[in-house]
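Visitor: Pasting the sequence and the predicted model now:
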Amino acid sequence: MKWKEVLKAHCGTQKTDEKMLYGGQKKLDKDKDGKITGKDFAMLRREKVKKNIEEEILEEVEDEGGALGMKNLKDIADKKKLKETLSSMEDRKIIFEHEDGDFYTHKPKREQKKRDD
């Protein structure tokens with residue numbers, strides 16, 4: 001819809017079948033097509049699952065004292081989703097992987113010394 005049509009629709013001078021999104025509805029329109037559809041809700045569900053997996057991983061790391069291995073994470077999600085989430089968290093520097101395969105919420109001191117030298 002062009003801006004003139006939007007203005008006329010908003011003022012009520014032009015009748016249109018297309019309804020505009022208001023307030024919080026715009027946040028639900030994830031694909032930005034101006035409509036709230038099943039596709040938008042599917043995208044929201046994927047986003048929520050990803051956040052829940054990250055939260056569970058961080059809780060598990062905290063419960064284990066700041067470091068843990070993959071065996072501690074196997075019950076959180078299937079292997080593929082878990083690897084994708086861990087990779088994303090590593091890219092954003094939320095967690096770090098030790099050379100032995102353990103995950104930390106901080107850079108291991110041994111690795112920091114090697115990188116500093």
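Guide: Done, it's in. Worth saying up front: this structure is predicted, and the values here are computed from it rather than measured. Residues are numbered from 1 along each chain as shown.
Visitor: Can you pull the domain assignment for this structure?
Guide: The chain breaks down by automatic domain parsing into domains covering 1-36, 43-117.
Visitor: tell me the mean pLDDT for the first one?
Guide: Predicted confidence along domain 1-36 averages 74 (mean pLDDT).
Visitor: same question, the last one
Guide: Within the predicted structure, the mean pLDDT of domain 43-117 is 81.
Visitor: how about the helices in the protein?
Guide: With helices called from DSSP state H, the chain shows them at 3-11, 25-28, 38-63, 79-91, 109-116.
Visitor: which secondary structure elements does the longest one contact?
Guide: Contact here means 3 or more C-beta pairs under 8 Å, 6 or more residues apart in numbering; DSSP states H and E; on that basis helix 38-63 packs against helix 25-28, strand 67-68, helix 79-91, strand 103-104. Yep, even glycine has a C-beta here, placed from its N, CA and C like the rest.
Visitor: Return the list of strands paired to the second one, each annotated with direction.
Guide: Pointing back at strand 67-68 there. strand 103-104 (antiparallel) (DSSP bridges).
Visitor: who touches the partner strand?
Guide: Contact with strand 103-104 is made by 57, 61, 66-70, 73, 86, 95-98, as judged by C-beta atoms under 8 Å, 6 or more residues apart in numbering.
Visitor: hang on, the earlier thing: so which of the helices and strands packed on helix 38-63 comes closest to G38?
Guide: helix 25-28 (11.6 Å; C-beta to C-beta).
Visitor: Give me the buried stretch members for the closest one, please.
Guide: Counting neighbours by 16 or more other C-beta atoms under 10 Å, one finds that helix 25-28 has no buried residues.
Visitor: contacts for that helix?
Guide: 21, 36, 40-41, 44.
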